[in-house]
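**Student:** Need the 3D shape of this:
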Amino acid sequence: MTATLKDVAALAKVSFSAVSAVLAGRHVRVRPETRQRILQAAQELHYEPSNVGRSLRSGRSHLVACLAHRYDLELLLDALAGAEETLQQNGYCLMLLNYGDTADFDRRLTEIRRQRVDGVIFTMLRDSDLRQRAALFAREVPVVSLFTSCPELPSSVYVDGVALVRQGFKYLLGLGHRCIALTGERPHALETARAVFQENGLPLGSLHYWPELKHFDAGDDILRRYRESTPRPTAVFCYSDETAAGLLRAAASAGIRIPQELSVMGVNNDRIAAMLSPGLTTMAQPHHGQGEAAAEMLLQLMDGHAVPPETVLQPELLLRGSCSIPPT
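**Tutor:** Model prediction:
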């Protein structure tokens with residue numbers, strides 16, 4: 001049988017009101033030894049607070065929703081773990097909802113309203129239309145943007161994309177590469193890569209940009225571009241580990257040795273990065289830390305506190321075996 005507050009009060013030999021106040025975390029005048037007896041009794045009885053009762057008392061559902069695009073679900077795993085740990089420590093449950101298109105996004109918002117959640121974490125809000133919808137929803141409950149900077153919302157948590165590209169390109173240049181290809185549709189990545197090339201006195205003609213090649217199946221197309229390009233790149237910076245994995249597969253099938261003939265760098269540090277052969281050198285993004293930070297910002301907003309509009313985390317270069325000096 002589930003233990004109740006009355007059971008805890010009886011075992012600790014204190015009043016019901018004292019137990020309720022202590023276990024709810026309210027600041028009341030209770031002697032330290034009394035507080036300790038209450039906490040010990042609750043532990044011995046394996047007391048678990050009722051979310052329903054707590055919601056009725058506080059006027060909160062103690063539910064937080066995360067609304068994510070279906071394509072981003074794998075990327076979310078570590079971030080959700082970080083967010084859930086932080087929220088759980090503060091008495092909240094996290095529910096995940098995913099969407100495919102704008103109409104689906106609106107349906108999910110209706111469902112979130114029905115659940116009467118206390119806050120929402122939106123992920124990957126790159127589309128301006130979705131940003132506006134999220135901004136309107138922010139008038140109803142506290143919201144945070146995760147993975148992307150979204151000035152329309154109260155707070156955003158993301159990784160410094162400029163630092164990510166700059167660090168990766170500087171590493172490749174340090175190895176001696178002077179012709180590099182960049183894959184993936186990231187305008188800031190192209191601007192940053194161009195700036196690094198110019199800072200090092202390199203011609204922009206030696207920087208290739210293939211924005212449409214951004215999935216695993218693009219590996220063969222990347223190799224085709226690589227063979228057709230003049231000058232031919234000696235390194236490829238893929239703005240996702242998924243794309244880099246596809247390139248490594250295609251290279252192996254074509255008999256192109258990685259990294260002896262072509263260096264390959266990814267972004268994210270997905271689980272597959274360490275499983276590839278050779279292991280993938282990648283710009284790791286702190287997904288777990290982003291989730292924790294987003295949850296912390298949301299908790300502050302739900303408690304009525306002011307938060308910084310942006311929390312920017314730094315990437316980390318993880319060296320494995322897919323990059324080396326260029327061929328002579």
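**Student:** Tell me the secondary structure of the nearest residue to G321 once chain neighbours are set aside, please.
**Tutor:** The shortest distance from G321 to any non-neighbouring residue, by CB to CB, 6 or more residues apart in numbering, is to P278 (3.2 Å). In this view, the C-beta of every residue, glycine as well, is placed from N, C-alpha and C. Of the three states, P278 takes coil under DSSP: H, G, I helix; E, B strand; the rest coil.
**Student:** And for I272, nearest residue in space, chain neighbours not counted?
**Tutor:** Closest residue to I272 apart from its sequence neighbours, by CB to CB, 6+ apart: A245 at 5.5 Å.
**Student:** Please save the CA atoms from stretch 79-87 in CSV.
**Tutor:** The C-alpha trace of stretch 79-87 is given here as CSV (Å, rounded to 0.1, in the frame of the first residue of the first chain):
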residue,chain,number,x,y,z
ALA,A,79,19.7,16.7,-24.6
LEU,A,80,16.4,15.1,-23.4
ALA,A,81,18.3,13.1,-20.8
GLY,A,82,19.9,16.3,-19.5
ALA,A,83,16.7,18.2,-19.4
GLU,A,84,14.8,15.3,-17.8
GLU,A,85,17.3,14.9,-15.0
THR,A,86,17.2,18.6,-14.2
LEU,A,87,13.3,18.8,-14.3
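**Student:** give the contact list for Y239.
**Tutor:** Residues in contact with Y239 (CB atoms under 8 Å, 6 or more residues apart in numbering) are L182, T183, G184, E185, R186, A189, K214, V267.
**Student:** run the last query once more with 7 Å
**Tutor:** Under the criterion of CB atoms under 7 Å, 6 or more residues apart in numbering, the neighbours of Y239 are T183, G184, R186, A189, K214, V267.
**Student:** Counting only helices, which of those make the cut?
**Tutor:** Among those, DSSP state H puts A189 in helices.
**Student:** Can you give the contact residues for stretch 170-184?
**Tutor:** Here stretch 170-184 makes contact (CB under 7 Å, 6+ apart) with 169, 189-190, 193, 196, 200, 202, 206-211, 213-214, 222, 226, 231-240, 243, 263, 265, 317, 323-326.
**Student:** taking the residues you listed one by one, which sit in strands?
**Tutor:** Using DSSP state E, the members of the contacts of stretch 170-184 that fall within strands are L207, H208, Y209, W210, A235, V236, F237, C238, S263, M265, L317.
**Student:** Need the buried ones from those residues selected in PyMOL.
**Tutor:** The PyMOL command for the buried members of the ones in strands among the contacts of stretch 170-184 (criterion: 16 or more other CB atoms under 10 Å) is given here:
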select buried, resi 207+208+209+210+235+236+237+238+263+265+317
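**Student:** Would you mark the buried spots in stretch 139-159?
**Tutor:** 141-150, 152-159.
**Student:** L109 against F137, yeah?
**Tutor:** Yes. Here L109 reaches F137: they are 5.8 Å apart, a contact under CB atoms under 7 Å.
**Student:** Outline the domain layout of this structure.
**Tutor:** 5-49, 61-159+287-314, 161-285 (automatic domain parsing).
**Student:** got TSV for those domains, with mean pLDDT too?
**Tutor:** As requested, the domains of the chain are arranged in TSV below (pLDDT from 0 to 100):
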stretch	mean pLDDT
domain 5-49	79
domain 61-159+287-314	90
domain 161-285	96
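**Student:** V196 and I180, how far apart?
**Tutor:** 9 Å (CB to CB, to the nearest Å).
**Student:** Of these two, give the one with the bigger neighbour count.
**Tutor:** Taking neighbours as other CB atoms under 10 Å, V196 and I180 compare with I180 leading, 24 against 20.
**Student:** List the beta-bridge partners for that one.
**Tutor:** I180 has the following beta-bridge partners by DSSP bridges: L207, A235.
**Student:** measure it to R249 for me?
**Tutor:** 21 Å.
**Student:** cool, Q88 as well?
**Tutor:** Q88 is 39 Å from R249, by CB to CB.
**Student:** Looking at these two, which one has more neighbours?
**Tutor:** A count of neighbours by other CB under 10 Å puts R249 above the other of Q88 and R249, at 15 against 12.
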